[in-house]
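1. coords please:
(one chain, ligands or ions: 1)
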Amino acid sequence: MIRVGVNGYGTIGKRVADAVAAQSDMELVGVTKTSPNYGAEAAIRRGYDLYAAIDDRVNEFESAGLGVTGSLADLLEVVDVVVDCCPSGIGERNRPIYEAHDVPAIYQGGEDAEVADASFNARGSYEAARGADSLRVVSCNTTGLSRILAPLDETYGVEKARVTLVRRGGDPSETDRGPINDVVPDPATVPSHHGPDVNTILPDVDVDTAALKAPVTAMHTHSVNVTLEAEPNAAAVRDLLGDESRVFLIPEGVGIDGAGALKDYAGDIGRPRGDVWENCVWEESISVEGRDLYLFQNVHQEADVVPENVDAIRALLTDTPRAESVARTNESLEMGLDSLFSDGGDARSPLTADD
Ligand code: NAD
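-> From the prediction side, this is the model:
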């Protein structure tokens, strides 16, 4: 059993905690909160041991009626790995604390790549984690791009990828973020940082990204144009991406026309929090002009990195092969969205773990 602690129980941390708790080879030892708020209450209601992220705040939790098992220092004494899910930049500040306790750490995409020995995406760089003492799971956008550029590069060769990212202004609970009623180039300079970040996973893929922010909270939308080295065929690209276990091809005719319907669908079919862990590619958007491939995809920023964190734990601490880890993670979370409208009604079966 791999004993896991989650430091930072917000948007990503609470989802990573649930995913870890669902693994048969992992034990969620506990999660931390900085203050006794509704998130701390929810962690306790889920049966998770709660630790105060700041040592001298234990009494604050006790006064609020929320029992804590200890502080971060206590948690680090009893885990094999810590998953840092703190806000961007805090992970780097936490690194000396993890190192002092000799606990391997997994950081998130808001940190600079230098925070860890290697950047991680299960599809693009699982093996790069071998021998590392720390990993950084790349951001939601980089995860979404790596998942489709890796198979395209392997099959056709990517000559040049150009991606426009329409990013959500904030997560649903982030009332202080925006824009409120605008679409803002962010950054106004091109390329944005996302392309170089993809290169921490796929160093040989030539990719430029431009990014905007829109007043939505549900998902990011990517408009993808990839010039391939070999001339593709749209049907073959659909098959290629359809075979990827973390890509959902939204079938024509299912009536999913945007992020709202996607999240609605995920909730209706029983996904926790309406989470969509897969890239969602509109099947009818997959178009080919010569060697140019075009498609639209959505990624759920709160969710797509979650299975990647689970695989990162195995890659960092065990010699589990990539395919086995991905299959175990997918099966435990019941990943692999397949609409009954897919493949003329023959939806894919969930993947079986090789254990
Ligand atoms: P968040 O603000 O929702 O959650 C962070 C949590 O950490 C909060 O509960 C906060 O109170 C807590 N925290 C703050 N300081 C802390 C400390 N010193 N010790 C312990 N906990 C502390 O943030 P998030 O959206 O979950 O982002 C976490 C990381 O994941 C960032 O690196 C971010 O870039 C990355 N990420 C976020 C998203 C997203 O869309 N939300 C997607 C992918 C990756």
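2. in the protein, which residue sits nearest the ligand?
-> Distances between the chain and the ligand by CB to the nearest ligand atom are smallest at residue 10, namely 1.8 Å. In this view, the C-beta of every residue, glycine as well, is placed from N, C-alpha and C.
3. tell me which residues touch the closest residue to residue 66 other than its chain neighbours, please.
-> In space, and not counting its chain neighbours, residue 66 is closest to residue 36: 4.7 Å by CB to CB, 6 or more residues apart in numbering. Neighbouring residues of residue 36 by CB atoms under 8 Å, 6 or more residues apart in numbering: 60-61, 63-64, 66.
4. most neighbours among those, which one?
-> Counting neighbours by other CB atoms under 10 Å, residue 61 comes out on top of those with 20 neighbours.
5. tell me the spacing between it and residue 163.
-> Separation of residue 61 from residue 163 (CB to CB, to the nearest Å): 43 Å.
6. residue 223 now?
-> On the measure of CB to CB, residue 223 and residue 163 end up 7 Å apart.
7. and for residue 77?
-> 43 Å.
8. the more surrounded of the two?
-> Taking other CB under 10 Å, residue 77 and residue 163 do not tie; residue 163 has more neighbours (25 against 11).
9. show me what that one is bridged to.
-> For residue 163, the beta-bridge partners are residue 209, residue 224 (DSSP bridges).
10. can you pull the contacts of it?
-> Counted by CB under 8 Å, 6+ apart, residue 163 has contacts 145, 194-195, 207-210, 222-225.
11. over to residue 54?
-> Listed by CB under 8 Å, 6+ apart, the contact set of residue 54 reads 34, 71-72.
12. wait, residue 111 sits on residue 136?
-> Yes. Contact criterion CB atoms under 8 Å: residue 111 and residue 136 qualify, at 5.8 Å.
13. from the contacts of residue 36, which land in helices?
-> Here DSSP state H is the test, and the contacts of residue 36 give 60-61, 63 as lying in helices.
14. which among those residues gets closest to residue 45?
-> Nearest to residue 45 out of the ones in helices among the contacts of residue 36 is residue 61 (CB to CB; 14.6 Å).
15. ok, now which ones touch the closest one?
-> So residue 61 contacts 33, 36, 40, 50, 52, 67-68 (CB under 8 Å, 6+ apart).
16. residues from this structure in reach of the ligand?
-> Residues of the chain found near the ligand (CB under 6 Å from any ligand atom) are 7-13, 32, 34, 39, 53, 85-88, 90, 108-111, 139-140, 171, 301-302, 305.
17. where does the stretch 101-250 of the chain have low pLDDT?
-> Judged by pLDDT under 70, the stretch 101-250 of the chain has no weakly predicted residues.
18. now the helices for this structure?
-> 11-21, 38-45, 58-63, 72-77, 90-100, 122-125, 140-155, 194-198, 234-242, 259-268, 306-317, 322-333.
19. for residue 108, see how far away residue 137 is.
-> Taken as CB to CB, the span from residue 137 to residue 108 is 6 Å.
20. tell me which of these two has more neighbours.
-> Taking other CB under 10 Å, residue 137 and residue 108 do not tie; residue 137 has more neighbours (31 against 26).
21. mind listing what the more buried one touches?
-> Neighbouring residues of residue 137 by CB under 8 Å, 6+ apart: 106-109, 119-121, 143, 305, 308-309, 312.
22. if we go to 10 Å?
-> Residue 137 makes contact with 12, 16, 83-85, 106-109, 111, 116, 119-122, 143, 305-313, according to CB atoms under 10 Å, 6 or more residues apart in numbering.
23. which strand residues bridge it?
-> Listed beta-bridge partners, residue 137: residue 120 (assigned using DSSP bridges).
24. skipping adjacent residues, who's closest to residue 125 in space?
-> residue 201 (4.7 Å).
25. look up how far residue 8 lies from that neighbour.
-> Taking CB to CB, one finds residue 201 at 23 Å from residue 8.
26. with residue 269 instead?
-> Distance from residue 269 to residue 8, by CB to CB: 29 Å.
27. higher neighbour count, those two?
-> residue 8 (24 against 11).
28. so that one makes contact with residue 105?
-> No. Applying CB atoms under 10 Å, one finds residue 8 not in contact with residue 105, separated by 11.7 Å.
29. as a quick check, tell me the outermost residue of this protein.
-> Farthest-out residue of the chain from its mean C-alpha position, per CA atoms, centre = their mean: residue 63, at 35.2 Å.
30. and that one, what does it touch?
-> residue 36.
31. for the remainder of this discussion, apply numbering that starts at 414.
-> All right, first residue 414 from here; so that's residue 476.
32. related to what we said a few turns ago, can you lay out the contacts of residue 467 as a markdown table showing pLDDT?
-> Shown next, in a markdown table, are these (pLDDT from 0 to 100):
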| residue | pLDDT |
| --- | --- |
| 447 | 97 |
| 484 | 96 |
| 485 | 97 |
